[in-house]
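1. Could you work out the structure for the sequence below:
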Amino acid sequence: MAKRSDTLETVLLAVELLRRIPRSRKVTASELHQQLKDAGIDRDLRTIQRQLEMLSEHFEIERDDRSKPYGYRWLEQAKALAVPNLTPQESLLLQLAEEHLNNLLPTRLMKSMEGFFRQAKRNLGPDSSARLEREWPGKVRVVATSQPLLPPKIVPGVFEIVSEALYCNHWLHLDYRNSAGKRNKVDVMPLGLVQQGPRLYLVCRYRGYDNERNLALHRILSAKMSTLTFERPKEFDLKKYDDDGRFGFGDGEKVRLTFRIKHNAGLHLLESPLSSDQQVVEIEDGILEITATVVDSAMLERWLRGFGDAVADVQRLPIVAAKL
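-> Numbering: from 1, shown residues only. From the prediction side, this is the model:
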C-alpha cells in the first residue's frame, strides 16, 4: 500500500512539474522547487532535479546543460500536453485575475501560479482558436469614478513581504514615514490589505495597542517579517471596518443626512442610492430633497462640496437624536 502511495505521489509531482515548465523561456530546478513550495507541495530540491532529468528524457523538453543551474523548457514544436490543460474559459478567468487581482492575492500564490498564467496567455494568443474568449478583455473595462492618478511607487520588496506576513499571520517590523514626514520603526500586526484607487493600505495594529491604523504601503521604507506569529483578533472584521467609513476618513459615526440637490445633478442618486433607507422627495420643480443614513466622514464632505451650488441646506442629524 505504501508503494502505491509513493507511486501516486511521484506521478502527481511529475504532472505539477510538466504544467509549470514554460515554452518561451527556461526555468531552473530551484525556481520550480520554489513554485511548488509556494503552492504547498514540499519536496526537496534533489527530488525535483531527478524528476526533471526523467521528464526531459520522455517528453519534448529541452534541458540546457551548458552551464549550471540547468534550464528546462518545452520545445517550440512540442504538442500541447494532454494532462489538465486549461480550457478557454479557465484561461480567460486566469488572465483577468492576473490583471485585476494582482495586488489582492498573496505573493506566494501569484508566484506559484506563474506557469498557469503563461499557459492562459498562450491559450488566448493570436494563433489560438478561442476567438470569443480572446476578444472578451477588449469588451470590458473598469473605469475611474474620479480623476485618474498613477499609483505611488512602493519600495521594491515591501509589497511581497507585507502580503506574506499578512498571509501567514506573522508580525512585521516596519520603517515607516507618515504623511507629515515623521519616521518611526514599529512592530505591527497585519490585519488587512486594501486598495483604494491607485493606493494600497495596510490595516494593522501597533504592538501594545488594540486599535487599527491604516498605513500607506508607499510610505513604508523597509519591511521585515518576524518569525513570531499572532492569533488574528476575532473581533476584527475588515468589511465592517470599511463599512464604518475608515477609508473615508471617518470614525464610524452614522448620521441621518438631509440635503437638497438640483434634479440634473442628483439624478444618479435615484439609480444608485446613498443607502438602503434613502428617501427622495421632489419639493419643487427641479429640486430634490434626499434623506439617507450614512457614515459621516471627510470623504462625504468632499463629495457634497463637489456639487457646488447644486447642493444646499445640508443637515446631519445624529442617529440617536433622530430616533427621539
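2. what about residue 34, helix or strand, and which?
-> helix 29-38 (DSSP states H and E).
3. In terms of secondary structure, what does the helix or strand just after that helix contact?
-> Toward the C-terminal end, the helix or strand that comes next after helix 29-38 (DSSP H and E) is helix 45-58. In this structure, helix 45-58 makes packing contacts with helix 2-20, helix 29-38, strand 61-64, judged by 3 or more CB pairs under 8 Å, 6 or more residues apart in numbering; DSSP states H and E. For the C-beta atoms, the positions are set from N, CA and C on the backbone; glycine is no exception.
4. pLDDT below threshold where in the stretch 51-200 of the chain?
-> 77-85 (pLDDT under 70).
5. should've said the stretch 201-324 of the chain
-> 320-324.
6. mind listing the helices for it?
-> Secondary structure of the stretch 201-324 of the chain, counting by DSSP state H, counting those that start in this stretch: helices at 238-243, 263-271, 298-305, 319-323.
7. Would you map out the domains in this structure?
-> According to the domain assignment given by automatic domain parsing, the chain is divided into the following structural domains: 2-74, 88-139, 158-243, 250-323.
8. Those: which one's closest to residue 152?
-> domain 158-243 (3.7 Å; CB to CB).
9. Run the chain-centre distance for that closest one.
-> Remark: domain 158-243 is offset 15 Å from the chain centroid, using CA atoms, centre = their mean, to the nearest Å.
10. repeat for stretch 279-294
-> Its chain's C-alpha centre lies 38 Å from the corresponding centre of stretch 279-294 when counted by CA atoms, centre = their mean.
11. quick one: terminal-to-terminal distance for it?
-> Taking CA to CA, to the nearest Å, stretch 279-294 runs 12 Å from one end to the other.
12. Show residues contacting it.
-> Stretch 279-294 is contacted from outside by 254-264, 266, 269-270, 273-275, 277-278, 300, 319, using CB atoms under 8 Å, 6 or more residues apart in numbering.
13. Can you select the buried ones from these in ChimeraX?
-> Filtering the contacts of stretch 279-294 down to the buried ones (16 or more other CB atoms under 10 Å) takes a single ChimeraX command:
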select :254,255,256,257,258,259,260,261,266,278,300
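14. Name the nearest residue to residue 277, ignoring sequence neighbours.
-> Taking CB to CB, 6 or more residues apart in numbering, and ignoring the residues beside it in sequence, residue 277 has residue 293 as its nearest neighbour in space, at 5.4 Å.
15. Please read the previous query as pertaining to residue 26.
-> Using CB to CB, 6+ apart and skipping the chain neighbours, the partner closest in space to residue 26 is residue 71 (2.9 Å).
16. Angles on the backbone of the one you found, please.
-> Phi and psi for residue 71, reported as degrees, to the nearest 10, are phi -110, psi 140.
17. quick one, strands of this structure?
-> Under the criterion DSSP state E, strands of the chain are mapped to 27-28, 61-64, 71-74, 170-177, 183-196, 199-206, 213-216, 220-229, 250-262, 279-284, 287-297, 311-318.
18. that older thread, need the helices of the stretch 201-324 of the chain in CSV (columns: distance to residue 65).
-> Putting these into CSV (distance: least, CB to CB, whole Å) gives the following:
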stretch, distance to residue 65
helix 238-243, 49
helix 263-271, 64
helix 298-305, 59
helix 319-323, 72
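19. so which of those helices gets nearest residue 34?
-> Taking CB to CB, helix 238-243 is the member of these nearest to residue 34, at 29.1 Å.
20. Now do the buried residues in the closest one.
-> Of the residues in helix 238-243, those buried by neighbour count under the rule 16+ other CB under 10 Å are 241, 242.
21. now swap in stretch 182-189 and tell me
-> Under 16+ other CB under 10 Å, the buried positions of stretch 182-189 are 188, 189.
22. How about residues contacting that stretch?
-> The list of residues contacting stretch 182-189 from outside it, by CB under 8 Å, 6+ apart, reads 171-178, 202, 204-207, 213, 215, 221, 226, 230.
23. if we go to 7 Å?
-> Stretch 182-189 is touched from outside by 171, 172, 173, 174, 175, 176, 177, 204, 205, 206, 207, 230, with contacts defined as CB atoms under 7 Å, 6 or more residues apart in numbering.
24. go on, stretch 118-134?
-> Residues lying outside stretch 118-134 but in contact with it, judged by CB under 7 Å, 6+ apart, are 22, 86, 88, 89, 91, 92, 94, 95.
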